[in-house]
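J.: Quick one: sequence and predicted model below, then my questions.
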Amino acid sequence: MINQKELAKTLQILRAKNGLTQIELANKSGVSTCTVAFIENCKKVPRVDTLIKIAKALSVDEDELLKYIM
């Protein structure tokens, strides 16, 4: 079951804990700034590979983010 709202909240919290802006997270993870913004604003359900890149950039286990889309 997809839970975009919880994914968005979790991503915002993790990004803030890492002291990153959306732009910085996008650059660090190799995804577009629009993608990060769309995920955080519940406008896009990300692909698995996108969440894996973001998780690595945030130094968290992939499952921390993947659980919201699986």
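T.: Happy to help now that I have it. Residues are numbered from 1 along each chain as shown.
J.: Any idea how many residues pack against Leu66?
T.: Other residues lying near Leu66 total 15 when counted by other CB atoms under 10 Å. Bear in mind the C-beta positions are built from the backbone N, C-alpha and C, glycine included.
J.: quick one, phi/psi of it?
T.: phi -70, psi -30 (degrees, to the nearest 10).
J.: Repeat that for Lys9.
T.: phi -60, psi -50.
J.: While we're on it, how confident is the model there?
T.: Looking at Lys9, its pLDDT stands at 98.
J.: ok, so what distance separates it from Glu40?
T.: Using CB to CB, to the nearest Å, Lys9 is found at 9 Å from Glu40.
J.: who's more crowded, those two?
T.: Each of Lys9 and Glu40 has its neighbours counted (other CB under 10 Å); Glu40 has more, 19 against 14.
J.: how many neighbours does Lys28 have?
T.: For Lys28, the count of nearby residues is 15 (other CB under 10 Å).
J.: what about the protein, any weak spots by pLDDT?
T.: Across the chain, not a single residue meets the criterion (pLDDT under 70).
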